[in-house]
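1. Quick one: sequence and predicted model below, then my questions.
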Amino acid sequence: MPELPEVETVRRGLEKAMVGRRINQVMVRRSDLRRPLPENFSDMLSGRKITQLDRRAKYILIHLDSGNVVLVHLGMSGRMVIEQGTQVEVPARKHEHIALSVGNGTVVRFSDPRRFGLMDLTPKEKLFNHPLLKLMGPEPLGAGFNALNLLTSLKGRKMPIKSALLDQRVVAGLGNIYVCESLFMAGVSPRRITQNISVLRAERLVSAIKLILRDAIKAGGSTLRDHVTPTGEMGYFQYRFKVYGREGELCESCKKPVKRIVQAGRSTFFCASCQR
DNA sequence: ATTGGTTCCTGCTGGC
DNA sequence: TGCCAGCAGGAACCAA
């Protein structure tokens, strides 16, 4: 499931194939994604040159020479795949919703079986006032994400730290997998209530999050079910999970079994002995 | 106001 | 072997 490292991997792959190219054809097969595609989506993209590809949290931002920006969110099962020597009319796979032809027989295809993903369009100057981005917290790999900042945003709140780290307003881009792994690396219990997070624990958490995200990006993200790079290769970080999906296996560090609990409706994997 | 629960969606899997 | 309930989860929404 695409979290920040997977989205960054996809962004890097798309950047090579798309920046400097002109979108000469847009095919919309389904517009009822997580939120409906803007009505003029095709018209606003057609004929536009792609100037830049950025990422904000789990969003890919495609900058157009018209001054508009396309926001792409992959949701749970979204894929962006580059194909050579093909045409937009021919769907590459089931559940392909959008295809962009960017010249030289190159087609970028967005598929998303579960349709939790979305695309939207906004003028560049309104980008960070966009409702989806406006309330978003700091980029975890940026200087704006540090222990002090984290403690401030957790102050007075009473929820398990696991849930807080999934809240995109606290830090933007983490999902269930990297939160579990970060908490393990930091030795912090997922059940610990946010207001009881000490400075030391906040520092360890911030370091762990940055380290894990950087390593995961280097590994091309994690391929569990859906994630592939735009050129179809898989990521490798799943082989380095210490706790995620490892219920019952022995903790590498203390050899006690990894536990699974449910918090806010989703699985948390952790070592009750190493994480306090 | 904050927080936890529910919902959307489809594909995969585990248990009978 | 085959079927199907249940699970996977990002984030908006709802209710307490």
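-> Noted; the coordinates are in hand.
2. In contact with the residue in chain A that DNA strand C sits nearest to, which residues are there?
-> For chain A and DNA strand C, the shortest gap (C-beta to the nearest atom of the strand) falls at A:Gly175, measuring 3.0 Å. No exception for glycine: its C-beta is placed from N, CA and C like everyone else's. Taking C-beta atoms under 8 Å, 6 or more residues apart in numbering, we find A:Gly175 in contact with A:1-4, A:58, A:166.
3. what do you get for A:Leu148?
-> A:Ala202.
4. switch to 6 Å and redo it
-> Shown here is A:Leu148, which makes no contacts under the criterion C-beta atoms under 6 Å, 6 or more residues apart in numbering.
5. give me phi/psi at it?
-> Dihedral pair for A:Leu148: phi -60, psi -50, per degrees, to the nearest 10.
6. how far away is it from A:Leu154?
-> In this view, A:Leu148 and A:Leu154 are 11 Å apart by C-beta to C-beta, to the nearest Å.
7. hang on, the earlier thing: state the pair within the contacts of A:Gly175 that is farthest apart.
-> A:Pro2 and A:Leu166 (14.4 Å; C-beta to C-beta).
8. element containing the nearest residue to A:Glu252 once chain neighbours are set aside?
-> Distance criterion C-beta to C-beta, 6 or more residues apart in numbering; nearest residue to A:Glu252, sequence neighbours excluded, is A:Lys242 at 5.9 Å. A:Lys242 belongs to no helix or strand when elements are defined using DSSP states H and E.
9. Return the residues of the stretch 1-150 of chain A in contact with DNA strand C.
-> Contact residues, the stretch 1-150 of chain A versus DNA strand C (C-beta under 7 Å from any atom of the strand): A:1-3, A:34, A:57-58, A:73, A:75-77, A:114, A:116, A:132.
10. pLDDT check: weakest of these?
-> The lowest pLDDT within these belongs to A:Met1, which sits at 70.
11. number of nearby residues for that residue?
-> Number of residues near A:Met1 (other C-beta atoms under 10 Å) recorded here: 19.
12. try A:His95
-> Number of residues near A:His95 (other C-beta under 10 Å) recorded here: 16.
13. What of A:Ala99?
-> A:Ala99 has 24 neighbours, counted by other C-beta under 10 Å.
14. residues in contact with it?
-> Shown in contact with A:Ala99 (C-beta under 6 Å, 6+ apart): A:27, A:88, A:107, A:109.
15. out of the residues you listed, which are inside strands?
-> Among the contacts of A:Ala99, DSSP state E puts A:27, A:107, A:109 in strands.
16. Rebuild those residues as CSV, extending it with distance to A:Met44.
-> Listed next are the ones in strands among the contacts of A:Ala99 as CSV, based on distance: C-beta to C-beta, whole Å:
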residue, distance to A:Met44
A:Met27, 15
A:Val107, 19
A:Arg109, 19
